[in-house]
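> show me how the following folds:
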Amino acid sequence: MSRHLILGGARSGKSRFAEQLAIDSGLPVTVVATAEALDEEMTARIARHRGDRPRHWRTIEAPRQLADVLRATCSEGSCVVVDCLTLWLANTLTDGEAAPTLSAIEERPAARIEQDALFALLPSLPGEIILVANEVGMGLVPESPLGRLFRDEAGRLNQRVAALCERVSFVAAGLPLHLK
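Residues are numbered from 1 along each chain as shown. Here you go, the predicted structure:
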């Protein structure tokens, strides 16, 4: 049983690193993909990620209810890659709305409930689990209150998940830096 959080910026190589770790595990691999194809650009990104993965890997699309999917999917002798926690967070905060208001997000208890379910479940999950997340707190301060809320929520999520993982790596320019 092992949990590994991989953090990094956009196009840092974090998904590629996670995929290599999954290959190196020698175990059957399931990818839990959290992205939703809500526009052409995201559809192309999803297609690129699918094309990069070995064809024999199983993929489960889970934009929400991540804890339920992990509970049903993780098992001894398997490797599960969650790509990515940041998109999952955005999905839970916005609940599918294209342009939610700050007050709508702040009033949405489902996001907190889903996070709490993940935090409670993660320590007991069997098998190898690799979680990918964006580090969004190292750039410019977002202009909007909504952007700042998301940055703060992502930072809190990453901290809580990192505390529950045995290993944490930060990837920049395709190179992993092992933090824990």
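> can you name the residues in contact with the helix or strand where residue 111 lies?
Following DSSP states H and E, the helix or strand that holds residue 111 is helix 109-121. By Cβ atoms under 8 Å, 6 or more residues apart in numbering, the list of residues contacting helix 109-121 from outside reads 64-68, 70-71, 89, 92-93, 95, 105, 153, 157, 160-161, 164. Glycine gets a C-beta too; all of them are placed from N, C-alpha and C.
> return the helix or strand in the chain with minimum mean pLDDT.
Across the helices and strands of the chain, mean pLDDT, DSSP states H and E gives its lowest value to helix 102-106, namely a mean of 64.
> hmm, back to that, show me which of the contacts of helix 109-121 are buried.
64-67, 70, 89, 92-93, 105, 153, 157, 161, 164 (16 or more other Cβ atoms under 10 Å).
> just those residues now: which is nearest residue 54?
Checking the buried ones among the contacts of helix 109-121 against residue 54 by Cβ to Cβ gives residue 70 as the nearest, at 20.8 Å.
> list of residues touching the strand or helix carrying the closest one?
Residue 70 belongs to helix 66-73 when assigned by DSSP H and E. Residues from elsewhere that reach helix 66-73, judged by Cβ under 8 Å, 6+ apart: 30, 32, 34, 60, 62, 80, 82, 88, 114, 117-118, 120-122, 125, 129.
> check contacts around residue 50.
So residue 50 contacts residue 59 (Cβ under 8 Å, 6+ apart).
> go through the helix or strand harbouring it and flag the buried ones.
Following DSSP H and E, one finds residue 50 within helix 40-52. By 16+ other Cβ under 10 Å, the buried positions in helix 40-52 come out as residue 49.
> off-centre distance for the very next helix or strand once past it?
Next along the chain after helix 40-52, taking DSSP H and E as the criterion, comes strand 58-61. Put simply, strand 58-61 sits 14 Å off its chain's centre (Cα atoms, centre = their mean, to the nearest Å).
> same check, this time on stretch 51-59
With Cα atoms, centre = their mean, you get 17 Å for stretch 51-59.
> chain neighbours aside, what residue packs nearest to residue 58?
Nearest non-adjacent residue to residue 58, counting by Cβ to Cβ, 6 or more residues apart in numbering: residue 30, 4.5 Å away.
> longest helix of this structure, counting residues only.
Taking DSSP state H as the criterion, the chain has its longest helix at helix 145-164.
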